[in-house]
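Chemist: No sequence on hand, only this structure:
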């Protein structure tokens with residue numbers, strides 16, 4: 001079994017959460033050292049060791065089948081991880097070490113794309129309730 005930290009569309013109640021229906025939710029957690037950015041319908045995180053705001057999410061225990069489906073969703077490139085949409089890092093959570101998907105293409109984002117709260121679910125609801 002593998003532990004995965006999710007922070008965006010895979011969160012419980014969000015658009016891609018059904019991919020985790022056979023996984024075990026261990027609980028809510030947060031990680032530090034990353035900045036969350038708004039990519040439209042979903043977020044990404046990029047390394048930022050100076051940022052003091054944590055990224056909030058959930059930790060799941062997943063089997064290999066679910067992990068492969070998550071890799072496909074996140075555009076993870078097994079043969080060249082830096083060429084995919086997301087790469088993987090290992091982070092420390094309240095439930096031990098877990099894999100997290102980290103956005104690879106962060107060169108063109110602007111400050112107005114930063115999710116300063118580190119909470120995608122709240123940001124997403126505010127973003128689309130205002131339309």
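Modeler: It's in. Computed from a prediction, not measured in an experiment: that's the story for all the values here.
Chemist: CA only for contacts and neighbour counts going forward, please
Modeler: Fine.
Chemist: list the contacts for residue 10?
Modeler: 16, 17, 18, 19, 20 (CA atoms under 8 Å, 6 or more residues apart in numbering).
Chemist: Mind doing that once more with 10 Å?
Modeler: Contacts for residue 10 (CA atoms under 10 Å, 6 or more residues apart in numbering) come out as 16, 17, 18, 19, 20, 42, 57, 58, 70, 73.
Chemist: Same question for residue 94.
Modeler: With contact set as CA under 10 Å, 6+ apart, residue 94 has these partners: 26, 27, 28, 29, 30, 31, 58, 59.
Chemist: rerun at 7 Å
Modeler: Residue 94 makes contact with residue 29 under the criterion CA atoms under 7 Å, 6 or more residues apart in numbering.
Chemist: for residue 2, which residues make a bridge with it?
Modeler: residue 62 (DSSP bridges).
Chemist: Touching, it and residue 63? I think so.
Modeler: Yes. With contact defined as CA atoms under 7 Å, residue 2 counts as touching residue 63 (6.2 Å).
Chemist: Helices along the protein, start to end?
Modeler: 64-73, 120-129 (DSSP state H).
Chemist: So what touches stretch 45-63?
Modeler: The contact list for stretch 45-63, computed with CA under 7 Å, 6+ apart, reads 1-7, 11, 23-37, 102-103, 117-119.
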